[in-house]
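**Q** Structure, please.
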Amino acid sequence: MKHFAINFKPDNKQISIHAGATILEAASQAGIILNSVCGGKGTCGKCRVIIEQDGREVLACQYEIDSDVTVTIPAESRFFEPRILEEGIDIAEKVEAGIEAYGLAVDVGTTTVVAKLLGMGDGQVLSTAASINPQVKYGDDCVSRIAYGGSEEGLERLHKEIIACINRLTGELGVDSKQIRYGCIVGNTTMNHLLLKLPVAGLGQAPYKAYSLDGHDVAAGELGLEIAADAQVHTVENIAGFVGSDITAAVLASGVAEAEELTLFVDIGTNGEIVLGTKDKLYAASCAAGPAFEGARISCGSRAVEGAIEAVVFDGEDIDFDVIGGGPARSICGSGLIDAVALLLELGIIEPSGRFLHPDSLRGSVFDGVVSRVSEYKGQRAFVLSDALGGRERPIVLTQDDVRQSQLAKAAVRAGIKFLQRKLGVRDDEIEKVLLAGAFGNYIRPDSALRIGLLPDVPVERIHFVGNAAVSGAQMILLSRKARKEAARLARKIEYVEIANEKDFTDVFAESMTF
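**A** Numbers count the residues shown, from 1 in each chain. Next up is the predicted model:
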C-alpha cells in the first residue's frame, strides 16, 4: 500500500499516511482536532478544509488521500480552541482585561508537561512549549512517584524537577518570562501535590486521601517559578485522590458540566479517568489502566515517538501501517496496539478470549499474506508486523503477552465505565456522546476502540476527540473569574466512585477482559 505526505497549514505539520485515509484521519494523527459533529459521516459540513494544489474546499472526513497534498485548515473548522474562546470566556471577566500582560497556562501530566503563553488582554494563545515530565526518571506512574516522594528528600527532589521543567518551558515561549504576571496550573492530584510540595503519602495507601483537594493561590516566587516574582499562580481544585484538577479543567472546557445529553468523558493514560452524566448529576472514577497504552510492558512498545507504528490497517490482502515521522518502523505505540489487536480480532487470528489461533487452523480462511505473519517469538505465539529490516536487529511483533497486557488495560477502563453506568442506571445505547481526551485519546481510531470493547457499544458517530482539554480548561480558568468559580463548584459537584471497593469488582473486571 502506498503512503503519501500530508502537509497541514498554518500548523506547519507534516505526516505520512496510507492511501485511502481521509484528511480527518490524517489531521487526527497530526494532533489537529477538526470539528466533526456527525462523526465523519459527511452530513454536518463542519470539517471543511482547502486543498492548496487546486484551491478546492472539501470535507476532511470525505476526502480520501491518493497523492501528496497540502491542506489549509480554516479556524472555523477546528473543534476545540475556537469553541472555548466563543463559549467559555467572557471578555469582561478576564483577569486584567486591556492590560498588557502575559499569562501562563500549564498542564502537568505524569508523562508530559504542556505550557501555553496567553495575552491577558485578548485571551489569544501566543506560543506553546512541551516536554517529557523529568520526574519519569523516578517512575513512570503516579504510584512510583508517591513512593519516591514519601520521604522529605524525595518530595523535595520531585518538586524541584517539575519547577525546573516549567521554568525551562517558560523560557521557550518567546517573551521575557518576568513579564508573565498570572498563572494557572492543572494536573492529576499527585502532580498537584508534588508541584505544591504537599505530602503525598496518603495518596499511596487506603483510603487514598489527598492532603488537599482545594485550589491554591501562591506567589510564583514561593514556588520557585521564574516569572514575575509576585505573579499569582492558581492551582485548580482536585476531585479526589486519583481524579485531579486536570479532569476538573477538562470537564469544564469540554462542556460536560452543561450537557443536557448523557455524556461519557474518558481520558486514557497510565491512570485513566472517567466522568459520566449530565448537567444534573456527574460521577467520576479512576482506573489503573497500567502503562500498556503508553508502550510499557509491550515487547516492541514505546510512547508515540518518531518511528512508532501509530495505525495498522488491512489492504485487502495483507496488513499495512503508518509510522510517526514516515520513516522505518522501530516500535509500536498505544494507538497502533489497539489497531493491531482490533485487526487480529476482525481477521480471526485471535479469539475473543485473546488467545492466538494456530496458523494451521487459519489457512484457507485467512489471506496467506496475513497467516504467514503468525509465528513464534521468544517462546510464544506472535504476529509479525514488520520484519527486521533497515539495520533493525529484531522484528516488530505483537506477542501473546502483549495481547494480554492490552486486555488488562482495556478491562480496567471498561470496568470503570460499567460501574459509573450502574450508578446512573443507564445502558450503553443511552450514552449519547463519548468524548476522548488527552494525547492518546486523540490518536486512537474509534472503530478499533469499539472493536476491542474499550468503549461502550455506541454508534461510532457519537465518539468525538477533545484533545488536551485539560490545558484548554486551564486557559479558561486563567482568563475568567467566572470559569474559576465554576471549576471550584464543579470539583465539589462531581461524585467520586471508588470502583475497587465495589463488591463485585473482580467479576466485572474479569467480564471486561473478553474482546
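**Q** these two touch, right, Val497 and Arg422?
**A** No: under the criterion of CB atoms under 8 Å, Val497 is not in contact with Arg422, lying 9.1 Å apart. The way it works is simple: take the backbone N, C-alpha and C, and place the C-beta from them, glycine included.
**Q** Would you mind telling me which of these two has the busier surroundings?
**A** Val497 (21 against 15; other CB atoms under 10 Å).
**Q** OK, contacts around the more buried one?
**A** Tyr283, Ala284, Ala285, Phe419, Leu420, Lys423 (CB atoms under 8 Å, 6 or more residues apart in numbering).
**Q** Going through the residues you listed, which ones are buried?
**A** Tyr283, Ala284, Ala285, Phe419, Leu420 (16 or more other CB atoms under 10 Å).
**Q** Let me know the closest of those to Ala470.
**A** Ala284 (14.0 Å; CB to CB).
**Q** now that closest one: how far from Ile239?
**A** Relative to Ile239, Ala284 is positioned 6 Å away (criterion: CB to CB, to the nearest Å).
**Q** list residues touching both of these two?
**A** Ile247, Ile494, Tyr496.
**Q** Of those, which belong to helices?
**A** The members of those that map onto helices under DSSP state H are Ile247.
**Q** Mind putting the shared contacts of Ala284 and Ile239 into JSON lines with neighbour count?
**A** Output for those, formatted as JSON lines (neighbours: other CB atoms under 10 Å):
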{"residue": "Ile247", "neighbour count": "33"}
{"residue": "Ile494", "neighbour count": "22"}
{"residue": "Tyr496", "neighbour count": "16"}
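**Q** any idea where the strands of the stretch 301-450 of the chain begin and end?
**A** Here the stretch 301-450 of the chain has its strands, by DSSP state E, counting those that start in this stretch, at 308-314, 319-323, 331-332, 374-377, 380-386, 396-399, 433-437.
**Q** Can you give me the distance of Ala470 to Gly55?
**A** 37 Å.
**Q** the more surrounded of the two?
**A** Neighbour count, other CB under 10 Å: between Ala470 and Gly55, Ala470 has more, with 34 against 8.
**Q** and the angle for the helix or strand harbouring that one with strand 433-437?
**A** Secondary structure assigned from DSSP states H and E places Ala470 in helix 469-479. Interaxial angle, helix 469-479 versus strand 433-437 (axes from the mean of the first three to the mean of the last three CA atoms, to 10 degrees): 80 degrees.
**Q** For the remainder of this discussion, apply numbering that starts at 41.
**A** I'll keep to 41 as the first residue from here, and by that count the last item is helix 509-519.
**Q** What separation is there between the residue nearest to the spatial centre of the chain and Val500?
**A** Centroid-nearest residue in the chain, with CA atoms, centre = their mean: Gly478, separated by 2.1 Å. According to CB to CB, Gly478 and Val500 sit 19 Å apart.
**Q** ok, the shared contacts of Ala324 and Ile279 vs Gly242, which is closest?
**A** Using CB to CB, Tyr536 comes nearest to Gly242 of the shared contacts of Ala324 and Ile279, at 15.0 Å.
**Q** and stretch 292-305, C-alpha only, in CSV?
**A** Listed in CSV are the C-alpha atoms of stretch 292-305, where the atom choice follows Å, rounded to 0.1, in the frame of the first residue of the first chain:
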residue,chain,number,x,y,z
LEU,A,292,-15.2,22.4,32.3
ALA,A,293,-13.7,23.1,28.9
SER,A,294,-15.4,20.2,27.1
GLY,A,295,-18.9,21.3,28.2
VAL,A,296,-19.8,18.1,30.1
ALA,A,297,-20.9,20.1,33.1
GLU,A,298,-23.6,21.8,31.0
ALA,A,299,-24.6,18.8,28.9
GLU,A,300,-28.3,18.0,28.5
GLU,A,301,-27.4,14.7,26.9
LEU,A,302,-25.8,11.8,28.7
THR,A,303,-22.1,12.2,28.1
LEU,A,304,-19.1,10.0,28.8
PHE,A,305,-15.7,11.7,29.2
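**Q** before we move on, the earlier item: from what I can see the residue nearest to the centre of the chain touches Gly309, true?
**A** Yes: using CB under 8 Å, Gly478 is in contact with Gly309, at 5.9 Å.
**Q** lowest average confidence, helix or strand, in this protein?
**A** When each helix and strand of the chain is scored by mean pLDDT, DSSP states H and E, helix 121-127 comes last, with a mean of 29.
**Q** any idea which helix or strand comes after that one?
**A** strand 142-148.
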